[in-house]
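K.L.:
My questions concern the predicted model and sequence given below.
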Amino acid sequence: LGFGIAWPRPCGHQFRRTTKVKSVALLVISLIGLLVAAISATAVQVLHEFARHKLEEYCRRRGKLSWFSLIIDAREEFALGAQTLQMIAIAVCVTSGLTWFFTGRAATDITSLSLFGLIGLWSLALLAANCWVPWGVLRISAPSFLYRTWRLWWLTAQLLKPLMQGVEVVSMLFHRATGQQEIEEDEEEAFEDEIRSMVSEGESDGLLDADARDMIEGVIELDDSTVSKVMTPRSKVDALDANANWNEMLSFVVEVGRTRIPVYQHSFKRHEDILGILFAKDLLGEFAKPQNQRMSIRQLVRRPLVVPTSTLLDEMLQRFLDQRNHMAIVVDEYGAVAGVITIEDILEEIVGEIVDETDVVEPSEINRINDRIFEVDGTVSVADLNQEFGLNLPNGEDFETVSGLVMSTLGRIPKPGQALTIGDVQIDVQQASRRVIERVKVTLLEPHEQG
């Protein structure tokens, strides 16, 4: 070359033999890459979808229960290593296969039919290796596959760790591009996600039904909600005036049908005015005594449990259990009474609505009677009502609900049967207490009916 050395060129026979050897080697490498891709894809699929209880039982039967813990703890690292190996194997398989196809062929020998045939054949091979085989192994022998190959995926993860660091680099770039801060994984959230994953797998394997899953989800979410979400608001609390006489108290207890009733003096708005909780069962013993020997309401009430609106539900449930209490007064940041919460309210977040024989079935918030008339609960938002029926009812700063709209317009709480017209809507009060409007009938007026 540059030194004047004349390199011998292989003769025609030697060249063809060398080309044939190279072609066979490329085909073998391509097939090996396809096999490695199939095994790696199977590992990725199994590591993401395997049933834990089946793997645990498989390891226990073989006296290797410690292996189960090793696999569970490192399965994400194993899966990332297997996926990295899968991508490398696919690249090797495709590159070697195409090189093998074009080796020893002149451009004139390659036809469109042969090229499309190669693409179709290679697509089927890759589909089988990366989809069909992994799903088949997952359904038939996932525990056995993991039990026998987990050490291979541990070694793969160690060898390919430099390439796996690309995940962290890309994640960092995405965080910077979107202006988001990288947040360290919360151990508690990670543990909750782990439980959710196990519950989902248990449901898919038929070990849990939907109701059990919902109950577990409810327990997990208790620390994400506060008492303000599930409490009974002050406007709907049945509270008793401490100045009521025995006949008034008896009538009130029978009317509301509650077993625990808050007792107040002056008003049921301020925390300091709440005297305590009256237990209906405490009245039975007093009624057996002569009237002049009975204790007063102030003596019968029990000390109330007072909590702020920011109290988490799991903390509230624990306080109920520790103090053997079933009701608490909820106050806001200013010390005003926001409502009451019971242990039943929290349990309903776990098991769903609890209805006993004394509960009355409440009507739905909005009940359409026809195209022009519908009944509405007083707590329905004016904005929601406008959006639902295309109305233009005013939404002031001092109120948000239909009940607030009516009271703001009239300047007082109307009696049942009273009606008022606002624009092209007539509102008839159907149910109202001394403190709030409970239900109204809304009628869309025709143009000739509007005042």
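P.N.:
Here it is on my side, so go on.

K.L.:
shaky segments in this protein?
P.N.:
1-19, 104-109, 175, 179-192, 201, 203-206, 210, 353-364, 434-435, 447-451 (pLDDT under 70).

K.L.:
So which residue is dead centre in it?
P.N.:
Centroid-nearest residue in the chain: Glu217, 7.5 Å away (criterion: CA atoms, centre = their mean).

K.L.:
Looks to me like that residue is in a helix.
P.N.:
Yes: assessed by DSSP: H, G, I helix; E, B strand; the rest coil, Glu217 belongs to a helix.

K.L.:
any idea how far Glu349 is from it?
P.N.:
Glu217 sits 10 Å away from Glu349, taking CB to CB, to the nearest Å as the criterion. The way it works is simple: take the backbone N, C-alpha and C, and place the C-beta from them, glycine included.

K.L.:
Quick check: Val167 touching Ala79?
P.N.:
No: using CB atoms under 8 Å, Val167 is not in contact with Ala79, being 11.5 Å away.

K.L.:
Tell me how many other residues surround Ile195.
P.N.:
Ile195: 13 surrounding residues under other CB atoms under 10 Å.

K.L.:
What residues does it make contact with?
P.N.:
Ile216, Ile220 (CB atoms under 8 Å, 6 or more residues apart in numbering).

K.L.:
cool, and Gln265?
P.N.:
Asp241, Ala242, Asn243, Asp273, Leu275 are the contacts of Gln265 under CB under 8 Å, 6+ apart.

K.L.:
Looking at Val167 and Ala79, which has the bigger crowd around it?
P.N.:
Set Val167 next to Ala79 and count neighbours by other CB under 10 Å: Ala79 wins out with 18 against 12.

K.L.:
before we move on, what SS does the more buried one have?
P.N.:
Reduced to three states by three-state DSSP, Ala79 is helix.

K.L.:
can you check Gln431 too?
P.N.:
Quick answer, by three-state DSSP: Gln431 is strand.

K.L.:
mind checking how far it is from Val340?
P.N.:
For Gln431, the distance to Val340 (CB to CB) stands at 21 Å.

K.L.:
Those two: who's more crowded?
P.N.:
A direct count of neighbours by other CB under 10 Å for Gln431 and Val340 places Val340 higher, at 26 against 14.

K.L.:
give me phi/psi at the more buried one?
P.N.:
phi -130, psi 150 (degrees, to the nearest 10).

K.L.:
same question, Leu275
P.N.:
Dihedral angles for Leu275 - degrees, to the nearest 10 - are phi -80, psi -40.

K.L.:
Now stretch 272-285: buried residues?
P.N.:
Ile274, Leu275, Gly276, Ile277, Leu278, Phe279, Leu283 (16 or more other CB atoms under 10 Å).

K.L.:
If we ignore the residues flanking it in sequence, what's nearest the last one?
P.N.:
In other words, Leu283. Val253 (6.7 Å; CB to CB, 6 or more residues apart in numbering).

K.L.:
Count the residues that sit near that neighbour.
P.N.:
When counting by other CB under 10 Å, one arrives at 17 neighbours for Val253.

K.L.:
Lys415 against Ala432, yeah?
P.N.:
Yes: counting by CB under 8 Å, Lys415 does reach Ala432; the two are 6.5 Å apart.

K.L.:
neighbour count winner among the two?
P.N.:
Of the pair Lys415 and Ala432, Ala432 is the one with more neighbours under other CB under 10 Å, namely 21 against 8.

K.L.:
show me the contacts for that one.
P.N.:
Gly378, Ile413, Pro414, Lys415, Pro416, Glu438.

K.L.:
ok, and what's touching stretch 211-225?
P.N.:
By CB under 8 Å, 6+ apart, the surrounding residues in contact with stretch 211-225 are 192, 195-196, 199-200, 202-203, 208, 312-315, 317, 346, 349-352.

K.L.:
Go ahead and build a ChimeraX selection from the buried members of those residues.
P.N.:
To isolate the buried members of the contacts of stretch 211-225 in ChimeraX, using 16+ other CB under 10 Å:
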select :192,199,202,208,313,314,317,346,349,350
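
K.L.:
Show me the contacts of stretch 211-225 that map onto strands.
P.N.:
Of the contacts of stretch 211-225, none are assigned to strands by DSSP state E.

K.L.:
Narrow the contacts of stretch 211-225 to those in helices?
P.N.:
Those of the contacts of stretch 211-225 mapping onto helices are 192, 195-196, 199-200, 202-203, 313-315, 317, 346, 349-351, per DSSP state H.

K.L.:
which among those residues gets closest to Thr95?
P.N.:
Ser200 (38.7 Å; CB to CB).

K.L.:
downstream neighbour of the one helix or strand the residue nearest to Leu283 maps to in the secondary structure list?
P.N.:
Using DSSP states H and E, Val253 sits in helix 246-256. Next in sequence after helix 246-256, counting helices and strands by DSSP H and E, comes strand 260-264.

K.L.:
What pairs with that following strand, parallel or antiparallel?
P.N.:
strand 240-241 (parallel), strand 274-279 (antiparallel) (DSSP bridges).

K.L.:
in the stretch 301-450 of the chain, which spans are strands?
P.N.:
With DSSP state E, counting those that start in this stretch as the criterion, the stretch 301-450 of the chain has strands at 306-308, 327-331, 337-342, 366-368, 373-377, 419-422, 425-432, 437-444.

K.L.:
will you turn the ones you listed into CSV that also has distance to Ala41?
P.N.:
What follows is the strands of the stretch 301-450 of the chain, written out as CSV (distance: least, CB to CB, whole Å):
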stretch, distance to Ala41
strand 306-308, 53
strand 327-331, 54
strand 337-342, 52
strand 366-368, 52
strand 373-377, 55
strand 419-422, 65
strand 425-432, 63
strand 437-444, 60
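
K.L.:
Mind checking the ones you listed for the one nearest to Ser144?
P.N.:
That would be strand 337-342 among the strands of the stretch 301-450 of the chain, by CB to CB, at 51.3 Å.

K.L.:
who touches His266 in this structure?
P.N.:
Going by CB under 8 Å, 6+ apart, the list of residues near His266 reads Asp273.

K.L.:
Let me know the secondary structure of it.
P.N.:
coil.

K.L.:
still on that earlier bit, any idea how far the residue nearest to Leu283 is from Asn243?
P.N.:
The value you get for Val253 to Asn243, if CB to CB is used, is 15 Å.

K.L.:
Test my guess that Ala157 contacts Gln83.
P.N.:
No: using CB under 8 Å, Ala157 is not in contact with Gln83, being 10.4 Å away.

K.L.:
Grab the nearest non-local neighbour of Gln430.
P.N.:
Arg439 (4.7 Å).

K.L.:
how about TSV for the contacts of Gln265, with distance to Glu365 added?
P.N.:
Output for those, formatted as TSV (distance: CB to CB, whole Å):
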residue	distance to Glu365
Asp241	30
Ala242	34
Asn243	35
Asp273	31
Leu275	34
